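Asks: Could you work out the structure for the sequence below:
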Amino acid sequence: MDAQQVGPGVHRVHSHDVVNWYLVEDAGRLAAIDAGLPPDWEVLGRVVRSLGRQLTDLEAVVLTHAHIDHTGFAEQARTGAGATVYLPSGDRELAAHQLRAAKSEKNPAAYLRDPAARELYTALMRSGAFRSKTIKEYETYDGGDVLEAVPGRPVAVATPGHTFGHTSLHVPDRDILFSGDALVTRNPYTGETGPRLMSLAATADSDEAIRSLDAIAATGAETVLPGHGEPWTGGADEAAQQARAAGIS
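Replies: As a prediction, this is how the structure comes out:
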């Protein structure tokens, strides 16, 4: 099974066992929240068909940030399905230069001793993520924006730190927060589970990342759908508290 229903009209795809992306249904219209890895273009087609839809029903791909494990099929969706790609305005440089502009507070190579990190890097290499297609056209959005044209009408919640422009997406009428990598329930660098922040290997500004937990908690969402790990149904406030307590590895 390619997708798992994790909320009303919300489906999770767990790509290559390392990263999540989501598909949101809204009156026959579809939006993808993040875009996984490049081979997920084929997975997207299967999931859409399983819902009785077609690729042209995909109206939007909304990226929480521009790291290579979240932008995989975005450009293909734009050119092949006619979807509009939405990118946080603070990640424009990262989207243009995904490897050169990726900032972190610790060298990712320092985590290679951990099997989880080796699994992550292997998945990225095998999927062709390091050769992802640059997104040629997109619309930008900022924290506080309501994305009226996007199925589900998500509200943008500024959660910088993981990247400078990282933005989570709140869908109030479904009581769901897509937290991207601002808060995860499995750290792909260490394999640790439970609500937590990403490792310094993939964190541009750890102080900002910690402060962004307040914005996550303030949404009051019951369900948090992260970029890595299992869905969290214990409330955004509790997730933020646990992530703060866990610290950053």
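Asks: looking at this, residue 14 is in a strand?
Replies: Yes. Assigned with DSSP: H, G, I helix; E, B strand; the rest coil, residue 14 falls within a strand.
Asks: which residues does it contact?
Replies: Residue 14 makes contacts with 4, 20, as judged by CB atoms under 8 Å, 6 or more residues apart in numbering. Just so you know, the C-beta spots here come from the backbone N, C-alpha and C atoms, and that holds for glycine as well.
Asks: bridging residues for it?
Replies: Residue 14 forms beta bridges with residue 20, as assigned by DSSP bridges.
Asks: quick one: it from residue 87, how far?
Replies: Applying CB to CB, to the nearest Å, the value for residue 14 to residue 87 is 23 Å.
Asks: Please name the residues that touch the residue nearest to residue 137 when sequence neighbours are not counted.
Replies: Nearest residue to residue 137, sequence neighbours excluded (CB to CB, 6 or more residues apart in numbering): residue 78, at 6.4 Å. Residues in contact with residue 78 (CB under 8 Å, 6+ apart) are 61, 84, 85, 135, 136, 137, 138.
Asks: Residue 110: what secondary structure?
Replies: Applying three-state DSSP to residue 110 yields a three-state assignment of helix.
Asks: phi, psi of the residue lying closest to it once chain neighbours are set aside?
Replies: The shortest distance from residue 110 to any non-neighbouring residue, by CB to CB, 6+ apart, is to residue 201 (7.0 Å). With angles defined as degrees, to the nearest 10, residue 201 sits at phi -60, psi -20.
Asks: that older thread, next, format the contacts of residue 78 as TSV and append neighbour count, distance to residue 166 and pLDDT.
Replies: Below are the contacts of residue 78 laid out as TSV (neighbours: other CB atoms under 10 Å; distance: CB to CB, whole Å; pLDDT from 0 to 100):
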residue	neighbour count	distance to residue 166	pLDDT
61	30	16	98
84	18	20	98
85	22	16	98
135	20	16	97
136	9	22	97
137	9	21	98
138	18	16	98
